[in-house]
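Undergrad: structure for this input, please:
(one chain, ligands or ions: 1)
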Amino acid sequence: MGLKIYINGQIVPQEEAKISVFDHGLLYGDGVFEGIRAYNGKIFTLDEHLDRIYDSATAISLKIPITKAEMADAIKQTMKANNLTDSYIRLVVTRGVGKLGLDPNKCATPQIIIIADTIELYSKALYERGLDIVTVTTIRNHFSALDPKIKSLNYLNNILAKIESIQAGAGEALMLNKDGYVAECAGDNIFVFKNNVLLTPPTSAGILVGITRNVVMKLAAEMGLQVKEELMTRYDLYIADECFLTGTAAEIIPVVKIDGRTIGTGKPGKMTLDLLKRYRDLTRNGG
Ligand code: PMP
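TA: Got it, this is the predicted structure:
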């Protein structure tokens, strides 16, 4: 049976959930989106995701025509219509139908789409074995061109990186910024653990400010770990004791190999697994 999709205030069968070929979201990638998870019927860090999509919209001069409270309600209704308690929710706001040509002012109304589905980004085996990642030649967008803080429908920068990692037979693509510092992966943030300090690139490295990243930094601080946002080069990753990626869909996934170098013992690290356990406990049981 197909899914029920929310589209502009209505919940309809997926076959009926359609947008125009003149929607600038399709024509130019002009729009914003979010990926949100619900566990046991509860939407995890909903306010943070709503804040981020409304901020992304503001940054591209897109006024979302409903309030955050109405959006939250629409998400809940969509989950209910699909009988989902554990769900991956895709929230999309496009510029809407317009004329050919870039001018967003020629678009009538933003389109709001909510898909409540499920997702398995990485297999269970990969969480046990750990991921092999590679540095790709595609650099992360420079913030003066398209700030990675904006979660926009323009994901080609990440897709080009992903294509490179797939061609290399790796599980994720490590992206550097234009200065050669580690930014993030194509669809996840990156952390390393070295000499009992948890390190992750600062937002100024040009990254999406991941919501999972923020939760993990908080969890680590609660565990008494020292957490630092620091510029890193590939060297810092190669010599790490542990490495992992974070994202709403991935949660926390261990990395055991980077550019052919074995990280730490070559097995998912102790601290990584401890953080993953705490993250799962927080999301599934409220901590
Ligand atoms: N970086 C990028 C480029 C992403 O697309 C994502 C989300 N998939 C993340 C990081 C992780 O962000 P979050 O923890 O908010 O899902």
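Undergrad: pull the CA atoms of the helix or strand hosting residue 72 into PDB?
TA: According to DSSP states H and E, residue 72 maps onto helix 68-81. The C-alpha coordinates for helix 68-81 follow below in PDB (Å, rounded to 0.1, in the frame of the first residue of the first chain):
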ATOM      1  CA  LYS A  68       6.100  26.500  13.100                       C
ATOM      2  CA  ALA A  69       3.200  25.300  15.200                       C
ATOM      3  CA  GLU A  70       1.100  24.500  12.100                       C
ATOM      4  CA  MET A  71       4.100  22.800  10.600                       C
ATOM      5  CA  ALA A  72       4.500  20.600  13.700                       C
ATOM      6  CA  ASP A  73       0.900  19.700  13.600                       C
ATOM      7  CA  ALA A  74       1.000  18.900   9.900                       C
ATOM      8  CA  ILE A  75       4.000  16.500  10.500                       C
ATOM      9  CA  LYS A  76       2.100  14.800  13.300                       C
ATOM     10  CA  GLN A  77      -1.000  14.400  11.100                       C
ATOM     11  CA  THR A  78       1.000  12.900   8.300                       C
ATOM     12  CA  MET A  79       2.600  10.400  10.700                       C
ATOM     13  CA  LYS A  80      -0.900   9.500  12.000                       C
ATOM     14  CA  ALA A  81      -2.300   9.100   8.500                       C
END
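Undergrad: contacting residues around that helix?
TA: Residues outside helix 68-81 that contact it (Cβ atoms under 8 Å, 6 or more residues apart in numbering): 4-6, 9, 11, 36, 38, 41, 43, 46-47, 50-51, 53-54, 64, 66, 85, 87, 89, 91, 112, 114-116. Glycine gets a C-beta too; all of them are placed from N, C-alpha and C.
Undergrad: list the buried residues in it.
TA: 71-72, 74-76, 78-79, 81 (16 or more other Cβ atoms under 10 Å).
Undergrad: could you check how far that helix is from the centre of its chain?
TA: 20 Å (Cα atoms, centre = their mean, to the nearest Å).
Undergrad: what do you get for stretch 235-252?
TA: Relative to its chain's centre, stretch 235-252 lies at 14 Å (Cα atoms, centre = their mean).
Undergrad: quick one: mean pLDDT over it.
TA: Stretch 235-252 shows a mean pLDDT of 98.
Undergrad: and that stretch, how far apart are its ends?
TA: Terminal residues of stretch 235-252 are spaced 22 Å apart (Cα to Cα, to the nearest Å).
Undergrad: again with stretch 13-25
TA: Chord length of stretch 13-25, first to last residue, is 21 Å (Cα to Cα).
Undergrad: and the contacts of that stretch?
TA: 2-5, 7, 26-27, 30-31, 92, 94-100, 104, 107, 111, 113, 153.
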